[in-house]
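**Q** Here is a sequence together with a model predicted from it:
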Amino acid sequence: MSNESPLFLTKVECPVCKTINEFETIKVGAYVEEEHDTDFCPKGRRWHNPKYAIYNPLLFFMATCENCYYTREFNQTFRDWKNDSAFRTYRQKGIQSRHLEALAVDGSILKILGQTRDPQGNPFGTAVVKFLLGIYDELLNEHPHKLDVGRFYLRIAWLYREQLGESNVTTSQSVHFAHDIEKAYARLKQARDTLATNVTHVSDLVATAFSGREGAMEQSAEFLSVGEILKTNLARIAEQEAALAATIVQMGQAFENNSRVLHHRPESGRQGTIGFGGHPSFEDYLRQVKSRWEFAPLNEHDALFYAIEFYKSALEDGHEIQQGNQQIQATYLIAELSRRVSRNVEAKLYFNNTIKAGQQFMFDNRGDQTRTALAKKITELALAQGRANLAAIKGD
């Protein structure tokens, strides 16, 4: 054991607002991970300084600017961004404008998330929030790195698992369907917001065109008749849109109540007694975030679902994931995470793809054990978890 601090400070200039931040950085060898779950989640760790046992190293995985809340994975690429000519030439200006524009919006999600971080008082909640800030910023990009977003959601799932215990998500198909319905509801809500914006825009244009006009157009009875018809129809649409908005709000409340019932966990009381962001609990705080931003996971199950979706999207895009070990690992994770959320048929497909790709890779590189070591490990995991998945299918 050691009383030496496992952290040191690293200065990095924010690429958005130019603030010089000092980020806490974990020293190499400051802790040891003891075992890993089948989705690579650490099952335990031992800090050399026992005073830091309450901290999950994932608290330091992301770096958040103290001024503008811009957040990135705290790796060497971010530390050296000023030496990355491609980033400075092609990405930085777009990132700056999109982030600052999102920050300036009334009720900005960036502010709601950024201002509530409390690493000493609530390290778990702060770690989740920092990942959400990183996800939000990544999704603002014109071409977001979906593999990174999937990785971040997977780590949020790990944080929930360590804080609240193993999630019993494999027994509830109702939770699975609820997630899909809530996603569809979020798209419906977004479409309604777009409709409201467009109706307002058209109404403004009509009001401008048919009021205060002088000359021939104002004296044209036919022109004025068209204006009255448009105004009448727009008023009718506005009434229907208001009724639609009220109905959608009622639906949202029903979804929230349903989610509370489905995800009720006796052990969540450990977390529920700790206030966060002015709310009675971290869960209540996240529900408020989710009402404004659909990508906020309320629990491990939600985080796993989002991880699956973004891993699949990255795999299907074909340009983010390299052939070989990286592709085999991504395919395996889609399979294993799908198994964990009871998508057993989909899991079977990806387990089979993992085994096939792994065996082919090991055959093609059979003279290089160093290169095939990871593929061998993942293929063995896929075989074992694939059997567990088949048992679950037969059990249904």
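**A** In hand now; what should we look at? Numbering: from 1, shown residues only.
**Q** Is residue 12 in a helix, a strand, or coil?
**A** For residue 12, the secondary structure call by DSSP: H, G, I helix; E, B strand; the rest coil comes out as strand.
**Q** Verify the stated contact: it with residue 76.
**A** No - counting by Cβ atoms under 8 Å, residue 76 is not a contact partner of residue 12; they are 10.9 Å apart. No exception for glycine: its C-beta is placed from N, CA and C like everyone else's.
**Q** Neighbour count for these two, which is higher?
**A** Between residue 12 and residue 76, counting by other Cβ atoms under 10 Å, residue 12 is the more crowded of the two (20 against 7).
**Q** For that one, list each beta-bridge partner.
**A** In this structure, residue 12 bridges to residue 21 when assessed by DSSP bridges.
**Q** and it, what is it in contact with?
**A** 20-21, 23, 63, 78-79, 81 (Cβ atoms under 8 Å, 6 or more residues apart in numbering).
**Q** Please tell me how far it sits from residue 75.
**A** Counting by Cβ to Cβ, to the nearest Å, the gap from residue 12 to residue 75 is 11 Å.
**Q** anything in contact with each of the two?
**A** Listed as contacting both residue 12 and residue 75 by Cβ under 8 Å, 6+ apart is no residue at all.
**Q** Can you get me a residue count around residue 200?
**A** Burial measure for residue 200: 13 neighbouring residues, criterion other Cβ under 10 Å.
**Q** can you offset everything so residue one is 46?
**A** Done: numbering now begins at 46, and the last item shifts to residue 245.
**Q** Who wins on neighbours among the contacts of residue 57?
**A** Neighbour counts for those (other Cβ under 10 Å) peak at residue 108, which has 23 neighbours.
**Q** ok, that one touching residue 64?
**A** No - using Cβ under 8 Å, residue 108 is not in contact with residue 64; the gap is 11.7 Å.
**Q** Would you mind confirming that residue 406 makes contact with residue 421?
**A** No - Residue 406 is beyond contact range of residue 421, at 9.3 Å (criterion: Cβ under 8 Å).
**Q** neighbour-wise, which of these two wins?
**A** Regarding residue 406 and residue 421, a neighbour count based on other Cβ under 10 Å identifies residue 406 as having more, with 22 against 14.
**Q** Pull the residues that contact whichever strand or helix holds residue 148.
**A** Assignment of secondary structure by DSSP states H and E places residue 148 within helix 137-149. Contact with helix 137-149 is made by 60-62, 113-115, 126, 153-156, 181-182, 185-187, as judged by Cβ under 8 Å, 6+ apart.
**Q** So what's the gap between that helix and the chain middle?
**A** 19 Å (Cα atoms, centre = their mean, to the nearest Å).
**Q** before we move on, back to that, can you select the buried ones from the contacts of helix 137-149 in ChimeraX?
**A** Selecting the buried subset of these in ChimeraX, with 16 or more other Cβ atoms under 10 Å as the burial test, is done by:
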select :60,61,62,113,114,115,126,153,154,155,156,181,182,185
